[in-house]
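Engineer: this one's sequence-less:
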């Protein structure tokens with residue numbers, strides 16, 4: 001199945017502020033989420049992004065680079 005993911009710059013520029021509302025089968029990049037977590041403006045935003053990370057990790061919809069990448 002073909003898929004694509006958004007870069008953190010796209011998420012920021014398009015103001016995708018509520019990533020928790022993405023479809024359950026949406027594939028999320030671990031690198032993008034970590035960039036967003038590090039750049040979060042306040043602890044509330046950071047905690048929300050950490051929840052998104054954990055949800056994608058649990059659902060196996062988190063794209064994590066490996067040595068082949």
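Structural biologist: Yep, it's here. A quick note: this is a predicted structure, and the numbers were derived from the prediction, not measured.

Engineer: For the rest of this, base every contact and every neighbour count on C-alpha atoms.
Structural biologist: Noted.

Engineer: Return the per-residue confidence for residue 27.
Structural biologist: Looking at residue 27, its pLDDT is 85.

Engineer: How about residue 55?
Structural biologist: Residue 55 is assigned 91 on the pLDDT scale.

Engineer: Okay, it and residue 23: tell me how far apart.
Structural biologist: 12 Å (Cα to Cα, to the nearest Å).

Engineer: And residue 10, by the same measure?
Structural biologist: Here residue 10 is placed at a distance of 18 Å from residue 23 (Cα to Cα).

Engineer: Show me which of the two is the more surrounded one.
Structural biologist: residue 10 (11 against 8; other Cα atoms under 10 Å).

Engineer: who's in contact with the more buried one?
Structural biologist: Applying Cα atoms under 8 Å, 6 or more residues apart in numbering, we find residue 10 in contact with no residue.

Engineer: confidence score at it?
Structural biologist: 78.

Engineer: And it, which helix or strand is it part of?
Structural biologist: helix 8-13 (DSSP states H and E).

Engineer: same question, residue 41
Structural biologist: Using DSSP H and E, residue 41 sits in no helix or strand.

Engineer: next one: residue 50
Structural biologist: Judged by DSSP H and E, residue 50 forms part of helix 43-59.

Engineer: Can you give the strand pairings for the next helix or strand after that helix, parallel or anti for each?
Structural biologist: Toward the C-terminal end, the helix or strand that comes next after helix 43-59 (DSSP H and E) is strand 62-63. Strand 62-63 has the following sheet partners, assigned by DSSP bridges: strand 28-29 (parallel).

Engineer: Could you give the separation of the partner strand from the chain centroid?
Structural biologist: From the chain centre to the centre of strand 28-29 is a distance of 5 Å (Cα atoms, centre = their mean, to the nearest Å).

Engineer: Same question for stretch 43-54.
Structural biologist: That offset, for stretch 43-54, works out to 10 Å (Cα atoms, centre = their mean).
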